[in-house]
Structures are given as structure tokens and as C-alpha cells.
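J.: Sharing a sequence plus its predicted fold:
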Amino acid sequence: MQTKVENNKAWLLVMPVFLIVAFSAIIPLMTVVNYSVQDIFDPYTRYFVGTEWFKQVMLDSRLHEALLRQFIYSFTILAIEVPLGICVALMMPTKGRGASLALILVAIPLLIPWNVVGTIWQIFGRADIGLFGAFMSYIGVDYNYASNPMDAWLTVVLMDVWHWTPLVALLCYSGLRAIPEVYYQAARIDRASRWAVFRYIQLPKLTNVLIIGVLLRFMDSFMIYTEPFVLTGGGPGSSTTFLSQSLVQQAIGQFDLGPAAAFSLVYFLIILLVCWVFYTTIMNMQKDK
Amino acid sequence: MAEITLNALAHSYAENPTRPEDYAIREMTHVWEQGGAFALLGPSGCGKSTLLNIISGLLEPSNGEVLFDGKRVNELKPEERNIAQVFQFPVVYDTMTVFDNLAFPLRNIGVPKHKITSKVHEVAEILELSDQLQRKAKGLSADQKQKVSMGRGLVRDDVSAILFDEPLTVIDPQLKWKLRRKLKQIHEQFNITMVYVTHDQLEASTFADKIAVMYNGQIVQFGTPRELFENPAHTFVGYFIGSPGMNFFEAELRSNESSKKDEIVFGDHVIPTSVAMLVHLKNMGTSKITLGIRPEFVHVWEGKNDDAFAVEVDYVEDLGTYKILSFLFHGQMMKARLSEDQKVPSGQIYVSFPEQWTKIYVDEYLVDLPLQNVDLTLQSKETDHAN
């Protein structure tokens, strides 16, 4: 019989994980926590302020407006991108050359960097030199994203839909490919309509990829910064100023690091909360009765 | 309910099939009578699933016709054919309850609600699913799921036939026999034509009244399990049915130099054969023949015997209720089945091949005498001629 030797070597083996998590998440986050509860002038001059910054942030009406805009924006693009992505995936060819070609074409917008996307649409939407802007004025629509808040919104939403619907489409496409052919055969024999096939075969099998898609698109759109910043600079007025831009204005523009840190934490918690709500709702929907 | 006829049917997955090997189904004409329980038995890749999909309409045959009760259905889609099919892997609609799953085919054709409810309960009762009706289909075990997919075929009043594509593959062994018995029971109750695809001879013979054995895209024999066992029409049937399969050995038809009589010879042994058969073989003009005998029919003698050949025992396998004796017959490994009470022989033993059970094959197909009482005048003429 061999006796078991007890030692603490295992700690060494899990060390790398602790280090990576510490550097990637805990230490940077603690810096933010640090700033959110103190008023710091320089490393030697700092005062503990408790929840002061949090109160200030929570009562800031500018931030309330940005938060509302942010929610409207995120839900709008989700409401468009998810159904549209599913439709695109359903229409993509499944076999042969057409399939590869469609995959490449659909994926192209995903390869373009954020600030380039902003620049593209900034030019694309201009009435004098941009195709889209010129077309709108040609058909008689008075379209100007720089001066009309509605036009600015339309452009920002359109830009995001153009940029990110492919992601949802590709996820759904892979989900659809994973459905065995016999399901469709059984449905034909059961005389299911096209809608029933979608509702009872395709959609249930897409649930998992859609969870990923919805969460990714929610988080990304909730943190959107570069594209509206390049396109409209948050204007006209503050009509397209979303949360992250407000945060940057506060932290870098006004150098209010305390409130900005408190704001960051609240921002982070909101994203976490909404993701959790999404996740548990979808998971509950498919539970066994 | 329908009689299913396959008329000069052939199918190829290739675009321009030229050789016979290009065909997954080689030209065949076959009838599945109304109300029968049939099995389609064959090894993987022999075309049995292809044939099933052609019957259900999931696949359109490249040649020939599929007829339901004499009416051509080639152009009809599966949804128009009144066919139910149960697949190898259970297909259920995950998000629906068992009740909704069973009701689904009826809802799709707009059956009134009260009829759906009564029909679903009736079928659930038969399949012993009544207490599961309100559960989501997702949480069911594999055998229950398979029952649900079978149930979706049974709820429809208009179903002409139910096709099973290896439906018990993913079912636990102890549940297999239960489900198979259920199938049999359903068949007796509903009097629906059922075609059951499998590669398991035991499954086929317990389920079906008649079995079609498929090999290389062709149905090589269609008969009762007993016919397949006693009178295999093709060497493949002999090899595939039975455990262990039939013994085969290549023999030669030749004329004995001293007696001037025809005989079938294997090595230096003469295999007992009727005169009529010898004449028939002679007429076929072939000298290369294959002989087959089932291990069950090989007679093992303890002592020397006039009809018996001396052979060398190789080894004996004890399979519990019976033993399999392997022996060398003129360099050819053969098997014989011994009953449990038979003495286990060793060294040199004596075996004989009863003429009745020694089957003769030419080009892989069984040679049958055209008529039981062959014209003896022809025989005498032939022998005269040989002389």
C-alpha cells in the first residue's frame, strides 16, 4: 500500500490562473473601485468620500438621458438585427460555390474596423458626395444627419445594422447547418407548413446560438462609442450621445475621475444585470414544464 | 392502407450512370402486399435506406415507377403520399409536449379539435404514453421519443404504410424486445402495411412475416424467415442469415473417367447429388459451381460411415446452448452446429452432407430444378450423348 503524501504543490499549478485573472480583471477593476470612493488630487492628497460620487452620478440628469437613449438604441438594433439575421441565414445557400461565396459576402462588414465604419457612413450619408445622402435628396427626402436628430438616429441605427447583422446571420447559419436532415424529412411527412418547420424545428435549434448572438450584440451595442463619435460626434445637440461617450467626456474631457469611476461601475453592473435577465429568460423559456 | 408496387425501379446518385455499379438500387420489380409486416434486411450501404426513401417520396427514383394500389405516385411529394416514416434517430419536436407532438400531423391537416384529442389519447394509450402527455418531448428517454415518432404516424387515419428505418438502433437492449413486441402488436391491431429496414436478422425475423434480403442494390430473395434459412436463393442470403452463416465451397462438375458418369467433385470427394440435378447443371453449361450447406445440417458422425467424409477437427466453441465445431474439409474451413448433448469430438471425425440440404449455386444464385420430375428421357439422351 502506498501512503498518500500531502503537500501544497497543487497551488503552484493553479497560480497562473490566479495571476491571469488578477491582471485581466481584478486589479484594473479595483483601480476603478478605488477612484469611485475617493477624491484623488495626487498620490499623496486623497480623501475618502464614501458614496458621494455614486449619489452624484445617480442624480445626474444628463446621464439619465444618455442611459435612456442607450436602452432605446440597444433594443432597437436588437429588434432589427436578430430577426433580420435569422432571415439572412435562412436565405443563404447551403451547398456548392454559392455557399462559400455567400459566407464571404456576408462576412465582409465584420472585417471593417469600427472607426472606418464611422468614416464610411459619414461620407456615405452626405448629400453632396455620399451615395446614400445623394439618393435621399434625389427622391426628395430632406436628409441631413448632422442637423436633424431623427436622421442622425436613423444613420447610427442603419450603420450598426449593416455592420453587425452579419454576425447574427453567421451564428444562425452555423446553427441551421447543425440540424440533421431527418428533422426536415419528418416534418415533410407530418405535412408541416414552412412556418411550422421554422417555429418548431429551426427556431428551437437556434436558441443556443441566439443566446450568444443576443448577449454579444447587447453588450457591444450598449458600449458603442467609436462609430457615433466619428459619425456625429454625439450630436446634433446630444441626441446621439450614448453612455460611453458621456463617460469619456466626464473622465477625459472634464477630468472628473471620481464620478467617472463611479459611473463606470454602475455601467458595468447594468450590463451584467441585463445580460443575466436575458440569459435566465431565454433559459426559462425552454425548460421542461 | 395500400399495396406498394415497385415497377422496374432503379436509382442512381450519379448524374450519368453507365455501369451497374453506379446504381444504388439496380432495376427491380417488387410488390409489398397490403397489410403485411415486411423487413428489408441487408448490410450497410446495400441501398435499403435509399429504397425506403424512394417509397416515402423523400427521394425521386431515376428510373421506374412507385405505385400505391396501382396508382403511380412518383410525382407526389412525401406529404401527399399518406406515408409515415420512423427514422433511425428519434425525431421529436423538442419544444412541444408529447400531446402536441402527437397532435402535430393532425393539426397540419386541420382536423377538428375534439377529434385530435380523442385520437391522441387513443394512440397514447396503445403506446403506453398516456402519463407522459403533458411532458415536454425534450426530456423523454430515447425509447419514449421513438414511440412518439411512431405515434405521429399512427394518429393519422389515412396512413397507407409505415416505414421504419432501423428504428431500434439507439434503444437500450432490454427495451428493444419490448418495443419490437409493441410494433408487432400495433401491426396486428391496425392492419397497416409496415416495412422495416434493419441489418439485424433477429430483428427482421421477429418482426416480419416476410423478409426481403438486399445486397448490392438488389433484392436477392423475398421470403419467410424459414425459406431464407432453409433455401437461400443467393449465396449472400446463406452467408448473411444464420449464425454462423452457411458453409460454402467451390466444387467442380466433371465426368468420372472410369464410370463415365457426371459427378460433383470437391478435392477428391464426390458430393452426393441427384441425377436430375446433374443433368440440369450439365445443361446450364457450367462446370464451376458453389456448394452451400448450413452448419445446422452438417451431420457429424462418431464413427466411420459409408456416406461420411473424414475431416480434421480444428476447434470447438461453446456458445452455451449449443456448440460450434470448426473442421477442415480438404483444406477448407467449415462449421457444424452440435447440440448441447452431443459428444464433443476431437481429432479425426466423420461428417456427411445430406443431399436435401446441400444447395448448389452457380454465379451466386441457387440452382433449382425447373420441375420436380425431370424428363427422364432427356436424362437418358444426355447420358447417351456423353457416352
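T.: In hand now; what should we look at?
J.: ok, now which ones touch residue 115?
T.: In the absence of a named chain, this looks at chain A. Neighbouring residues of residue A:115 by Cβ atoms under 8 Å, 6 or more residues apart in numbering or on different chains: A:226, A:227, A:230. Just so you know, the C-beta spots here come from the backbone N, C-alpha and C atoms, and that holds for glycine as well.
J.: that's the wrong chain, I meant chain B
T.: residue B:106.
J.: confidence score at it?
T.: Residue B:115 carries a pLDDT value of 90.
J.: and if you look at residue B:104?
T.: 92.
J.: For the closest residue to residue B:246 other than its chain neighbours, pull up the helix or strand it's in.
T.: Leaving aside its sequence neighbours, residue B:246 sits nearest to residue B:238 (Cβ to Cβ, 6 or more residues apart in numbering or on different chains; 3.3 Å). Here residue B:238 sits within helix B:235-240, counting by DSSP states H and E.
J.: Can you name the residues of the stretch 151-300 of chain B sitting close to chain A?
T.: When proximity is defined by Cβ under 8 Å from any Cβ of the partner chain, the stretch 151-300 of chain B lies next to chain A at B:152, B:153.
J.: for the stretch 151-300 of chain B, what spans make up the helices?
T.: For the stretch 151-300 of chain B, the helices defined by DSSP state H, counting those that start in this stretch cover B:173-190, B:201-207, B:225-230, B:235-240, B:275-284.
J.: With mean neighbour count and mean pLDDT added, can I get these in CSV?
T.: Formatted as CSV, the helices of the stretch 151-300 of chain B follow (neighbours: other Cβ atoms under 10 Å in any protein chain shown; pLDDT from 0 to 100):
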stretch, mean neighbour count, mean pLDDT
helix B:173-190, 15, 84
helix B:201-207, 19, 87
helix B:225-230, 17, 90
helix B:235-240, 23, 90
helix B:275-284, 18, 81
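J.: Against which helices or strands is the lengthiest helix in chain A packed?
T.: Using DSSP state H, we find that the single longest helix of chain A is helix A:61-91. Packing contacts for helix A:61-91, counted by 3 or more Cβ pairs under 8 Å, 6 or more residues apart in numbering or on different chains; DSSP states H and E, involve helix A:149-177, helix A:203-222, helix A:243-248.
J.: close to chain B, is the longest one?
T.: No. Applying Cβ under 8 Å from any Cβ, one finds helix A:149-177 out of contact with chain B, separated by at least 13.7 Å.
J.: care to break chain B down by domain?
T.: Domain ranges of chain B: B:4-240, B:247-386, per automatic domain parsing.
J.: Could you list the low-pLDDT ranges of the chain?
T.: Since you didn't name a chain, this refers to chain A. Where chain A drops to pLDDT under 70, the residues are A:1-2, A:286-289.
J.: wrong one, I was asking about chain B
T.: Scanning chain B with the threshold set as pLDDT under 70 gives B:1, B:370-387.
J.: how close does the residue nearest to residue B:246 get to residue B:351?
T.: Distance, residue B:238 to residue B:351, using Cβ to Cβ, to the nearest Å: 18 Å.
J.: Residue B:276 touches residue B:369, doesn't it?
T.: Yes. Counting by Cβ atoms under 8 Å, residue B:276 does reach residue B:369; the two are 5.8 Å apart.
J.: Just give me the residue right at the centre of chain A.
T.: By Cα atoms, centre = their mean, chain A has its centre lying nearest to residue A:220, at 1.9 Å.
J.: could you measure the closest residue in space to that one that isn't next to it in sequence against chain B, distance?
T.: In this structure, residue A:220 finds its nearest non-sequential neighbour in residue A:164, 7.2 Å apart by Cβ to Cβ, 6+ apart. Here the criterion is Cβ to the nearest Cβ, to the nearest Å. By it, residue A:164 lies 27 Å from chain B.
J.: next one: residue A:3
T.: Relative to chain B, residue A:3 is positioned 42 Å away (Cβ to the nearest Cβ).
J.: Work out which residue lies at the spatial centre of chain B.
T.: The centre of chain B sits closest to residue B:213, judged by Cα atoms, centre = their mean, with a distance of 3.3 Å.
J.: From chain A, how far out is it?
T.: For residue B:213, the distance to chain A equals 25 Å [Cβ to the nearest Cβ].
J.: Residue B:326 falls within a strand, correct?
T.: Yes. Per DSSP: H, G, I helix; E, B strand; the rest coil, residue B:326 lies within a strand segment.
J.: hey, what's it bridged with?
T.: Residue B:326 has the following beta-bridge partners by DSSP bridges: residue B:315, residue B:335.
J.: looking at it, it is touching residue B:332, isn't it?
T.: No. Counting by Cβ under 8 Å, residue B:332 is not a contact partner of residue B:326; they are 11.0 Å apart.
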